[in-house]
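> coordinates for the following, if possible.
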Amino acid sequence: MAIVLSLIVAAVFGSGDFVGGLAAKKTAVVRVVAWSHLVGLGGVLISAIVIENDFIWRDVGLGAVGGACGGVGVALLYRGLARGPMSIVAPVTAVTSAAVPASWGVITGDRPGVWTWVGIAVAMLAIWLVSSTDDEPLDSAATPSAGFDGAALLGALGAGAGFGLFFIFIDAADEASAPWTIVGARMLTSTVLLFALAIGGRAAVPRGEGLGKLILATGVLDTLANVLFLYAVDTGDLTTVSVLTSLYPIATIALAAVVLGERIVVAQRVGAALAVAATILIALG
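Now for the predicted structure:
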């Protein structure tokens with residue numbers, strides 16, 4: 001069950017990233033993240049009230065801390081994508097975001113079987129490959145010929161660590177309090193980002209060209225993925241769930257190919273095939 005849930009989480013995360021990417025083409029990324037997180041906060045708050053799970057302040061706090069780590073991860077990722085080669089920044093971030101919670105899971109008691117370990121190793125390679133891209137830095141002022149320097153590498157590692165820590169803090173919450181942990185995460189990130197936008201005079205609701213619908217969809221998908229992740233780690237171990245969840249770029253790439261007609265490079269095709277093999281190996285374990 002945990003494997004199936006993890007793959008669903010990856011598909012939903014990847015779909016949310018695709019829709020969010022479309023929205024980011026129409027307005028600033030920070031506005032997309034801020035308003036989509038506010039939408040997500042509303043949805044998950046209603047869900048938490050309806051589900052009537054236990055309200056535990058500690059778990060709301062864990063969600064807030066995790067949300068802060070994820071927010072730092074987003075900031076470092078977009079900074080890295082703007083300044084360093086995407087073909088390195090994206091996969092380093094993706095692999096790190098899987099490795100950090102997987103390592104923590106092992107440290108805290110997860111004991112995957114031999115086949116599961118083989119599957120995890122294959123999945124790590126798959127994550128690297130499917131995250132590969134031939135795109136240049138987003139910042140036109142950047143100098144691609146300067147190469148991938150140490151600062152860019154540290155930024156990518158920091159971004160992945162931020163995402164990985166988010167998963168760790170979410171996993172640390174009590175099962176009985178789900179989805180209040182996500183309420184804490186979204187409450188912090190949406191409040192901080194909207195406050196920052198208000199200071200800059202850019203907090204107005206984004207409008208035009210279907211932007212509102214894209215942001216709404218981004219918020220719903222992203223928050224749904226986080227809630228499903230909670231249930232996935234409740235039925236399985238953090239090590240396996242975090243690695244399978246990090247295969248989310250496959251969904252993003254597939255949607256980009258189908259909807260936008262974007263080209264899928266050979267490395268990404270190989271990565272997708274390895275992801276299937278990794279899932280089978282983990283299931284055998």
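> for the residue nearest to Ala185 when sequence neighbours are not counted, list the residues it contacts.
Once its chain neighbours are removed from consideration, Ala185 has its nearest residue in Gly67; the separation is 3.2 Å (C-beta to C-beta, 6 or more residues apart in numbering). To be clear about C-beta, it is placed using only N, CA and C from the backbone, and glycine gets the same treatment. If you count contacts by C-beta atoms under 8 Å, 6 or more residues apart in numbering, Gly67 has them with 166, 184-189.
> what do you get for Gln268?
Under the criterion of C-beta under 8 Å, 6+ apart, the neighbours of Gln268 are 129-130, 132, 253.
> in the contacts of Gly67, find the pair that's most separated.
With C-beta to C-beta as the measure, no two of the contacts of Gly67 lie farther apart than Phe166 and Met187, at 14.4 Å.
> higher neighbour count, those two?
Under the criterion of other C-beta atoms under 10 Å, the comparison of Phe166 against Met187 puts Phe166 first, with 27 against 19.
> about what we covered before: out of the contacts of Gly67, who's the most crowded?
Of those, Ala185 is surrounded by the most neighbours, 31 neighbours in total, counting by other C-beta under 10 Å.
> what about that residue, which helix or strand?
Using DSSP states H and E, the secondary-structure element containing Ala185 is helix 180-199.
> if we can go back for a sec, which of the contacts of Gln268 lies closest to Ala11?
Of all the contacts of Gln268, the one sitting nearest Ala11 is Ile253; the distance, using C-beta to C-beta, is 11.9 Å.
> before we move on, the earlier item: elements contacting the helix holding Ala185?
Taking 3 or more C-beta pairs under 8 Å, 6 or more residues apart in numbering; DSSP states H and E as the contact definition, the neighbouring helices and strands of helix 180-199 are helix 29-51, helix 57-83, helix 150-171, helix 211-235.
> off-centre distance for stretch 48-64?
In terms of C-alpha atoms, centre = their mean, to the nearest Å, the centre of stretch 48-64 is found 21 Å from the chain centre.
> now swap in stretch 115-127 and tell me
19 Å.
> how about that stretch: buried residues?
Going by neighbour count (16 or more other C-beta atoms under 10 Å), the buried part of stretch 115-127 is 116-120, 122-127.
> contacting residues around Leu230?
Leu230 makes contact with 170, 173, 175, 178-179, 181-182 under the criterion C-beta under 8 Å, 6+ apart.
> mind putting those into TSV with neighbour count and distance to Val241?
As requested, these are exported to TSV (neighbours: other C-beta atoms under 10 Å; distance: C-beta to C-beta, whole Å):
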residue	neighbour count	distance to Val241
Ile170	28	11
Ala173	25	14
Glu175	13	14
Ala178	24	14
Pro179	27	16
Thr181	31	15
Ile182	31	16
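> no further queries at this time; thank you.
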